[in-house]
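**Q** next input, structure requested:
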Amino acid sequence: MNNFPKLNQKLIFFMGKGGVGKTTLAHTYSKQLASLGKKVLLCEVLQVTEKEQKLLQVNPNLWHITLNATDCFHEYIILKLKIKTLYSMFLSNKLTKYLQKAAPGVREMVLLGKIWFERLHYDSVIVDMPSTGYALTMLHTPFNYSALFPGGPVSSDATEMISTFSDPKQTALVVIALAETMPIQESLELIENLKTLIPTNSPHLIVNRCLNLPQGVQDIFATKPQDSSPLHAVAQYLAQKQAKQKQALSGLNIPFYSIPEG
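**A** Alright, predicted model coming up:
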């Protein structure tokens with residue numbers, strides 16, 4: 001991953017549509033940071049999950065967790081109430097259980113709050129965000145809560161989260177795309193939405209799986225245009241794919257990083 005932005009922030013969000021390699025790159029970069037001696041937490045955020053939330057140690061410097069909104073909600077209540085007995089009484093209330101599931105944005109707020117809180121315990125927190133639409137919904141949540149609740153602990157946390165996410169020294173926003181027309185267009189729309197929401201923190205764009213054919217493959221296609229051998233057919237396919245990628249990228253008017261195929 002040589003052609004990759006140097007990210008030293010506490011929080012690093014990987015975002016993009018499904019199938020662009022977002023999860024693979026998040027895992028790879030987490031391992032790379034851990035290999036440098038940094039204490040790293042890799043968070044996976046699924047749009048809907050009933051998985052038990054477990055913190056697993058992958059290697060001496062790397063931990064992995066798949067976040068569960070219910071568990072995050074419980075942790076938040078304990079953190080605010082301080083005393084577990086009060087927490088148990090509070091959670092037994094049917095109204096509270098209803099609010100946990102029904103109140104707009106509660107799930108997203110506690111998931112994002114968990115990620116934000118864990119930055120205090122690690123050198124880097126890498127976040128494999130859900131698909132584009134839900135990722136934006138999550139990031140909008142603290143802004144919504146800050147506006148809806150002008151006072152109290154939730155508003156205070158929301159305001160601090162906004163401050164953290166808006167600071168490019170603390171948070172990196174990484175958008176992953178493929179060198180194809182639709183993924184590029186969706187990534188540009190995501191970047192514009194992020195710039196509108198968080199204007200002080202410009203996202204990084206990474207184009208994944210870019211072909212860079214060796215000269216030998218190009219020569220096979222160029223010197224034997226009528227060849228019908230399997231080798232020539234593969235070379236032809238790759239050359240055509242590379243040409244389509246270059247065309248898709250030609251319309252980009254913003255800087256980007258490219259990750260080679262394989």
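**Q** buried residues in stretch 170-186?
**A** For stretch 170-186, a neighbour-count test (16 or more other CB atoms under 10 Å) marks 171-180, 183-184, 186 as buried. C-betas here are computed from N, CA, C, even on glycine.
**Q** among these, which two are most distant?
**A** The span of those, defined through CB to CB, is set by Thr171 and Glu180 at 27.9 Å.
**Q** circling back: out of the buried residues of stretch 170-186, which are inside helices?
**A** Among these, the members found in helices (DSSP state H) are 183-184, 186.
**Q** which of those sits closest to Val58?
**A** Pro183 (28.8 Å).
**Q** that older thread, dump the ones in helices among the buried residues of stretch 170-186 into JSON lines; add distance to Val125 and pLDDT as well.
**A** Shown next, in JSON lines, are these (distance: CB to CB, whole Å; pLDDT from 0 to 100):
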{"residue": "Pro183", "distance to Val125": "26", "pLDDT": "90"}
{"residue": "Ile184", "distance to Val125": "28", "pLDDT": "93"}
{"residue": "Glu186", "distance to Val125": "25", "pLDDT": "93"}
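**Q** can you put the residues you listed in a markdown table and add distance to Glu192?
**A** Shown next, in a markdown table, are these (distance: CB to CB, whole Å):
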| residue | distance to Glu192 |
| --- | --- |
| Pro183 | 15 |
| Ile184 | 13 |
| Glu186 | 11 |
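**Q** ok, so of those residues, who is nearest Ala243?
**A** Of those, the one sitting nearest to Ala243 (CB to CB) turns out to be Ile184, at 15.3 Å.
**Q** is the closest one in contact with Leu249, as I believe?
**A** Yes. The criterion here is CB atoms under 8 Å, and Ile184 meets it with Leu249 at 7.2 Å.
**Q** need the residues touching each of these two.
**A** Counting by CB atoms under 8 Å, 6 or more residues apart in numbering, the contacts common to Ile184 and Leu249 are Val207.
**Q** list the buried residues for the helix with the most length in the chain?
**A** The residue-count maximum for a helix in the chain (DSSP H) belongs to helix 230-250. For helix 230-250, burial by neighbour count (16+ other CB under 10 Å) applies to 232, 235-236, 238-239, 242, 245, 248-249.
**Q** next: stretch 143-160.
**A** Neighbour counts over stretch 143-160 (16+ other CB under 10 Å) mark 143, 145-146, 154-155, 157-158 as buried.
**Q** how about the helices in this structure?
**A** Along the chain, the segments classed as helices by DSSP H run 22-35, 69-81, 84-92, 94-102, 106-118, 132-148, 153-166, 181-197, 215-223, 230-250.
**Q** I'd like those as TSV, with distance to Phe256 appended.
**A** Output for those, formatted as TSV (distance: least, CB to CB, whole Å):
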stretch	distance to Phe256
helix 22-35	14
helix 69-81	33
helix 84-92	46
helix 94-102	40
helix 106-118	25
helix 132-148	17
helix 153-166	22
helix 181-197	9
helix 215-223	23
helix 230-250	8
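**Q** mind checking which of those helices is nearest Ile126?
**A** Of all these, helix 22-35 sits nearest to Ile126, with 4.6 Å by CB to CB.
**Q** for the closest one, what is the distance to the chain centroid?
**A** Here helix 22-35 shows a centroid-to-chain-centroid distance of 11 Å under the convention CA atoms, centre = their mean, to the nearest Å.
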